[in-house]
Every structure is written in C-alpha cells, then in structure tokens.
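Engineer: The following comprises the amino acid sequence and a computationally predicted model.
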Amino acid sequence: MNEINITDILLVSTALFFVGVYGFFTRRNMITMLMSVELILNSVNINFVAFNKYLFPQNLDGIFFTIFIITIAAAEAAVAIAIIINMYRSHHSVDVEDATDLKY
Amino acid sequence: MLNDFFLLMKQELVLLLIIVLLLIIKVGKDWSNETMLNLINGLLLLNVISGFVMPVEGNLFGDMFKTNALISLEKSILNIGVLIISMQSYSWLKTHKHLSEFFILMLSTLLGMFYMISSGNLLMFYIGLELSSIPLAAMANFDLEKRKSSEAAFKFIISSAFSSGMLLFGISLIYGSTGSISFAEITNHISNEPLHIFAFVMLLAGFAFKISAVPFHLWTADVYEGAPVAVTSYLSVISKGAVLFVFVSVLYTVFKPIAEIWYNMLFILAVITILIGNLFAIRQNNFKRFLAFSSIAQVGFILVGITGSSQMGSASVVYFVLIYIFSNLGAFGVISLVSALTGKENISDYKSFYKTNPLLSWVLTIALFSLAGVPPTAGFFGKFFLLISGASQGNYILISIAALNMVISFYYYLRIVKAIFMDPNEQPIEKLSIPLISKLALFICLAGIVVLGLWSSVYECIYNLSSGF
C-alpha cells in the first residue's frame, strides 16, 4: 500500500482551516460559530500530527502540542457554552443577529 | 535544584498560593464581603512586595520557563495594576454575591500572563495565553443578569477563540518548517521564505487581536462597554500590557532574522491603529467606549515604539505600560466609582462634575492629561520615549503621523475636561461618598502619574534591565 503524501494531508488540513473560517463568518447561530472555531483548531491538530510523523519523527513536540490543544479547546468550549446559555436566558435566542445591544 | 525551582518561580507560586487560599476560604468560611476584600487587598499587597525580593535569573524545565530581572519587573508592574484594580472595585464588589470567584478568576488570568511572559517555548506561550483569556471571558459576564454583560462576554470569547485559532495555525506552520517549538531553536531557522512569512503573518494577526490593533480591533469597544468596569480596566491595562511584553520579546528575539519584513507590517499597523482609534474616539458618548478607542490609539503609539527594535524599543514599551497603568486606572477608578454608585456611564452625565465632586474631577483631569501627553505628567515622557525609539529607524513619515495624531487626541481628551469644568448641567452627578480604600487607590495613581514624570531614574533603570535585546 502506498504511503499518503504529506502534501495531501496538508491540503486537507488547510481546506479544513478555511472551511472553519468560512463557517465562522457566515453562520448566525452561536453554537455553530463555536463549532467552526473547533474546525480551525482541528485543522491545526492535523497539521501538528502530520508534521511530527513525516518530518520530525525523532521527537514528540507536535503530538504533545496536539494533546494540549484538544484539552484547551474543551475548556474554551465549556466556558463559551456557559456564556451562551446565560445569554439564552436574557435574549431567548442563540442567534447573533439578536445580540444587538452593543453597537458602534 | 529545588531551591532554584522555588526562587525562579516565586511570583507564580505566591499567586498560586493566594488562589488556593481563596478557594479554601470560599469552601470553608462564610466571611462578610468587607473582611474578604480587606484580606484580599492585603494578600495582593504581599504579592506585589514578594515580586521585588531576591530577583534571580535562570531557566527551568528544559528552557520552557525563563526568568530574569526585566521579566520579574514586568510581572511586578502587572501585580501593581491588579492591586490598584482590586482596591478600586471595592464599592462594586462590597455587595456582590460572588466575590471570591471574581478574584479567583482574575488571579488565574494573571497566572496565565506570568507564564506567558516567562515562556521560552511556543507550547508554554500558548497555554499561558489561553489561561489568560478564557477566565477573562467568564469575568466579562460577571454581571450575570445584565444583557450587555453576556453579549460582551460572548463577543470576547468567540473572537479570542478565533484569534487563537489563527495564532495556532501560524505556530503549526512554524513547527513544520523549523522542526522545533523552542524559541531559541526557531530563531536559527527563520529566514525570509514565503512559508515563514505566512506563518509570521498568522502569528501577528493573533497578537494583534489580543492587543486590539486596528484591523482586529472590532471586539474591543463592545466588550469594554458591556463588561463590568473593574473587568474593563483589567482588560485595557493588564491583559493588554502582558501581551505587549511578550510581543516585544518574541519580535526582538525569535523573529530577529526577518526584522526588515515585520518593520513594514508594524509601520502600516501603527499608522492605521492610531488614526482609526483617534477618529472613532471623537464620536463616542459612552465613557467606557471612549476609553476603549483611546486605548486603541495608545496601542498604536506603542507599536511605533516597538518598530525601534532595540534596547530602547523594549525599554520605552515597558516604561509606557507602567505609566499607562497608572493613568488609565486613574480614569477608570473615577468611572468605576460613579458607575457603581449612580449607574451613569455617559460623557454627558459628567457635565458640571467639578461642582459636586472636586476631588474626583481633578483625578480624572490629571489622568486624562497624562493619557493625552501633557508635559508635566508622566504620559508625555512615555510617548516621548516611544517616538524617539521609533525615530531611531529613520522613518520620519511614521513619526510625523504619530505626532500629528497626538494633536488630534488632545481634542477629545480636552472635550471631556471641558465638560467636567465648564459645561452647565441642571442635574449633575450628586456628591459621592468615596470609600477610604478607593481614595487610596486614586492617590496611588496620581502619585504614579506625577512621580514617574519627574523622576527620570525609573526609565534609566528599565533601560539598563532591557540590555538583553
């Protein structure tokens, strides 16, 4: 079986990054925006693991970085969802178009 | 070895002890808010003092954590700022139900900033950055029942998550092209290849989000307006100052090989940041929003100083952040008192403020003069050194734009002074009774503004400490 080329993996991860950015800018639902940010973080994870496996297999810097990113992303999602729930209590909606108290 | 560990990490360990102590008190005792606040202020004072004893230099954990005299001075500057903020928020927190949680969150972010400043490794830097920004979002939402507060918190967490995503993408590309995440090794491999420049741009975007330089500033005003005043002042001086410190050291050491490339990027960023910060500050009515845009303009001036890329650049940035802490917290101290006691936050409410509250008016006026850069105050010297440092590169277009913008900034700062002293108002803010501890905090700020302006050896001391660049 042929090895997968590293450029193919980087193509996937970069595409995932920009899918995340696109979703972040176009979605209007707060939870979906949060999911888009997670896509960006996952593309970074793929990058790290791929670089580690293909280019620098002698040490584990990239793998460690990935583990920390996953952990911190979980913490970030926990706080963000708590804030969104609190916002739902006052605004009765999770649509960013309804969060219009602060402008200009 | 163990001795080294305790001495090198003493500032972090003291902070960690305070956090754990507060957690234990929260679980075990049910003390009144006033006792708690006095205890916390005492602990924070100890924390400030402990930063100055026995400064040592060295590395830990295989160069992941480094410290030296400049770094521990930077941490002490942040400690002083946190102490002042805690003293100023006395009247707001006296009646608050979740007092110890507020301080636990605040000190956790401070701990994150300490690790970030001390980091010698991209992993350590990233963890510090996240530890300093995730609890901040929870702090921004501290007025749980207010609509604005939760909206501000949402805007903050989502933009900081996005910006750290970009930063991480840059970091991953740097790792891929250099094979290391340690600052010292990356420097040896950085060159002006397109991949390195792309990674640097991503990293720069992440930094610019955190210090709210202009194309990435849109969250600033909203978050500042919606968050409680204590959190706003924390965001505008402490968290910004910490990121600026680490930004300077990363630029000057890690990205030294591509200095002429990032010089041009910073040039453009500085010009548009000053210009847009100033122009938007003119049309604001909410005081916190006004200070948000004025702080964006100040960051522009700091970027001018950073372009100097020398010992002087680093020294002028640290000196300016120290002054900025005093002058901005002087202004925020008055606003937080007025906001906590009357709920008024608009500039038009401050008309004829002098008739009812002469002391607060003078503090606010001197702080605004210092922010604008009027000569006898420290703010003038801060900006002066920043511009001198920027001028050392010989780019006089940048310096002229910055100097012209200082004139524009006089207009909007003096507009508020005019409103306080001259504009008539039938219902001025009534006479406020200021708690002793808040008064003390205001006097510390005033003393800082005046003394730092007159006592030149502070700058010389910082200049000698930043000899590493």
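Structural biologist: Perfect, I can see it now.

Engineer: Helix or strand: which one has the nearest residue in space to residue A:87 that is not next to it in sequence?
Structural biologist: Spatial nearest neighbour of residue A:87, excluding adjacent residues (CB to CB, 6 or more residues apart in numbering or on different chains): residue B:150 at 4.3 Å. Every C-beta, even on glycine, is put in place using the N, C-alpha and C of the backbone. When elements are assigned from DSSP states H and E, residue B:150 belongs to helix B:147-178.

Engineer: shouldn't residue B:335 be in contact with residue B:229?
Structural biologist: Yes. Residue B:335 is within contact range of residue B:229, at 5.9 Å (criterion: CB atoms under 8 Å).

Engineer: Overlap of the contact sets of the two?
Structural biologist: Both residue B:335 and residue B:229 are in contact with residue B:288, where contact means CB atoms under 8 Å, 6 or more residues apart in numbering or on different chains.

Engineer: what residue ranges in chain B score low on pLDDT?
Structural biologist: Along chain B, the model assigns pLDDT under 70 to residues B:1-2, B:468-469.

Engineer: Please name the residues that touch residue B:364.
Structural biologist: Per CB under 8 Å, 6+ apart, neighbours of residue B:364: B:330-331, B:334, B:353, B:416, B:420.

Engineer: now, among the residues you listed, which is nearest to chain A?
Structural biologist: Chain A lies nearest to residue B:416 out of the contacts of residue B:364, by CB to the nearest CB, at 18.8 Å.

Engineer: Now for that closest one: which residues touch it?
Structural biologist: B:290, B:347, B:350, B:364, B:368.

Engineer: What is the nearest of those to residue B:161?
Structural biologist: residue B:290 (27.3 Å; CB to CB).

Engineer: and the spatially most central residue of chain B, what does it touch?
Structural biologist: By CA atoms, centre = their mean, chain B has its centre lying nearest to residue B:237, at 2.5 Å. Contact analysis of residue B:237 by CB under 8 Å, 6+ apart lists B:81, B:321, B:324-325, B:328-329.

Engineer: Give me the subset of the contacts of residue B:416 that lies in helices.
Structural biologist: B:290, B:364, B:368 (DSSP state H).

Engineer: What ranges in chain A fall below the confidence cut-off?
Structural biologist: Low-confidence segments of chain A, defined by pLDDT under 70, are located at A:1-2, A:104.

Engineer: Specify the helix with the largest residue count in it.
Structural biologist: helix A:61-91.

Engineer: Show me what that one packs onto, helices and strands only.
Structural biologist: The contact analysis (3 or more CB pairs under 8 Å, 6 or more residues apart in numbering or on different chains; DSSP states H and E) places helix A:61-91 against helix A:30-54, helix B:122-140, helix B:147-178.

Engineer: what is the orientation angle of that helix with helix B:122-140?
Structural biologist: Put simply, helix A:61-91 runs at 10 degrees to helix B:122-140, going by axes from the mean of the first three to the mean of the last three CA atoms, to 10 degrees.

Engineer: Return the member of the contacts of residue B:364 nearest to residue B:446.
Structural biologist: residue B:330 (6.5 Å).

Engineer: Quick check: closest non-adjacent residue to that closest one.
Structural biologist: In this structure, residue B:330 finds its nearest non-sequential neighbour in residue B:367, 3.2 Å apart by CB to CB, 6+ apart.

Engineer: Surely the one you found and residue B:442 touch.
Structural biologist: No. Taking contacts as CB under 8 Å, residue B:367 lies outside contact range of residue B:442: 9.1 Å.

Engineer: Can you check which residues contact both of those two?
Structural biologist: With CB under 8 Å, 6+ apart as the test, residue B:367 and residue B:442 both reach B:330, B:334.

Engineer: What distance do you get for the residue nearest the centre of chain A to residue B:154?
Structural biologist: For chain A, the residue nearest the mean C-alpha position is residue A:38 (2.2 Å; CA atoms, centre = their mean). Applying CB to CB, to the nearest Å, the value for residue A:38 to residue B:154 is 16 Å.

Engineer: what's the answer for residue A:89, then?
Structural biologist: 13 Å.

Engineer: Can I get the contacts of residue B:416 in a markdown table including distance to residue B:404?
Structural biologist: What follows is the contacts of residue B:416, written out as a markdown table (distance: CB to CB, whole Å):
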| residue | distance to residue B:404 |
| --- | --- |
| B:290 | 21 |
| B:347 | 24 |
| B:350 | 28 |
| B:364 | 26 |
| B:368 | 20 |
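
Engineer: okay, how far is it across stretch B:188-202, tip to tip?
Structural biologist: 20 Å (CA to CA, to the nearest Å).

Engineer: who's in contact with the helix or strand following the helix holding residue B:150?
Structural biologist: Helices and strands here follow DSSP H and E; after helix B:147-178, the next one along the chain is helix B:183-189. With CB under 8 Å, 6+ apart as the test, helix B:183-189 has contacts from B:63, B:119-122, B:174, B:177-180, B:250, B:253-257.

Engineer: got the buried residues for helix B:183-189?
Structural biologist: Residues of helix B:183-189 classed as buried under the neighbour-count rule (16 or more other CB atoms under 10 Å in any protein chain shown) are B:183, B:186.

Engineer: again, but for stretch B:50-59
Structural biologist: Across stretch B:50-59, burial judged by 16+ other CB under 10 Å covers B:50-51, B:55, B:59.

Engineer: what about residue A:43, distance to residue B:12?
Structural biologist: In terms of CB to CB, residue A:43 sits 32 Å off from residue B:12.

Engineer: When the two are compared, which one has more neighbours?
Structural biologist: Using other CB atoms under 10 Å in any protein chain shown, the more surrounded residue of residue A:43 and residue B:12 is residue A:43, with 25 against 17.

Engineer: Report the contact partners of that one.
Structural biologist: A:13-17, A:20, B:169.

Engineer: about what we covered before: disregarding residues adjacent in the polypeptide, which is nearest to the residue nearest to the centre of chain A?
Structural biologist: Distances taken as CB to CB, 6+ apart place residue A:73 nearest to residue A:38, at 6.2 Å, with adjacent residues excluded.

Engineer: And residue B:142, by the same measure?
Structural biologist: Once flanking residues are discounted, residue B:142 sits nearest to residue B:228: 5.3 Å by CB to CB, 6+ apart.

Engineer: Identify the residues contacting that neighbour.
Structural biologist: For residue B:228, the contacting residues are B:92, B:139-140, B:142-143, B:149, by CB under 8 Å, 6+ apart.

Engineer: rerun that using 10 Å as the cut-off
Structural biologist: Going by CB atoms under 10 Å, 6 or more residues apart in numbering or on different chains, residue B:228 touches B:89, B:92-93, B:96, B:102, B:139-143, B:146, B:148-149, B:152, B:234, B:288, B:336, B:339-340.

Engineer: same question, residue A:25
Structural biologist: Applying CB under 10 Å, 6+ apart, we find residue A:25 in contact with A:33, A:36, B:162.

Engineer: Buried among those residues? Need that as a selection in ChimeraX.
Structural biologist: Selecting only the buried entries of the contacts of residue A:25 in ChimeraX, with 16+ other CB under 10 Å as the criterion:
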select /A:33,36 /B:162
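
Engineer: would TSV of the contacts of residue A:25 with distance to residue B:134 be doable?
Structural biologist: Below are the contacts of residue A:25 laid out as TSV (distance: CB to CB, whole Å):
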residue	distance to residue B:134
A:33	16
A:36	18
B:162	14
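
Engineer: What is the nearest of the contacts of residue A:25 to residue B:46?
Structural biologist: Proximity of the contacts of residue A:25 to residue B:46 was ranked by CB to CB; the top entry is residue B:162 with 37.9 Å.

Engineer: number of nearby residues for the residue nearest to residue B:330?
Structural biologist: 26.
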